[in-house]
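Colleague: pasted the sequence and its predicted model underneath.
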Amino acid sequence: MSIIGWIILGLLAGVIAKILLPGRDPGGFIGTTLIGVAGAFVGGWISARWLDHPITKNFYDGATWASAVGGSLVLLIICRLLFGNSRN
């Protein structure tokens, strides 16, 4: 998968993570989508490095999507813990 594919996957993973973990986030929608892109890269790296499941070149692979959404959720939770509800 190309870098553009990872960015598109990350944007969609950020939206899915936001749906799964609703609430006010520091950074709003743009921050959440950037967290999704970063989460896709982090999730893919973790999956390939420590879970012995290399990411395939197929955009529709379930493991690729699970790692991207999982990475997005982890980064979203970390951002909420670090920055709290800064939009008050």
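Modeller: Great, that's in hand.
Colleague: residue ranges with poor pLDDT in the chain?
Modeller: For the chain, residues meeting the criterion pLDDT under 70 lie at 1, 25-27, 52-59, 85-88.
Colleague: tally of neighbours for Val74?
Modeller: Using other C-beta atoms under 10 Å, Val74 has 16 neighbouring residues. All C-beta atoms are positioned from the backbone trio N, CA, C, and that covers glycine.
Colleague: which ones are touching it?
Modeller: By C-beta atoms under 8 Å, 6 or more residues apart in numbering, the contact list for Val74 reads Gly39, Val42, Gly43.
Colleague: which among those residues gets closest to Val15?
Modeller: Distance to Val15, by C-beta to C-beta, is smallest for Gly39 among these, at 11.4 Å.
Colleague: ok, that closest one touching Leu12?
Modeller: No. Assessed by C-beta atoms under 8 Å, Gly39 is found out of contact with Leu12, at 11.1 Å.
Colleague: higher neighbour count, those two?
Modeller: Gly39 (27 against 18).
Colleague: chain neighbours aside, what residue packs nearest to that one?
Modeller: When the adjacent residues along the chain are set aside, Gly39 lies closest to Ser72, with 3.1 Å between them (C-beta to C-beta, 6 or more residues apart in numbering).
Colleague: would you mind measuring from that neighbour to Val15?
Modeller: Separation of Ser72 from Val15 (C-beta to C-beta, to the nearest Å): 9 Å.
Colleague: just Leu73 next, same as before
Modeller: Taken as C-beta to C-beta, the span from Leu73 to Val15 is 12 Å.
Colleague: which of these two has more neighbours?
Modeller: Remark: of Leu73 and Val15, Leu73 carries more neighbours, 21 against 16, as counted by other C-beta under 10 Å.
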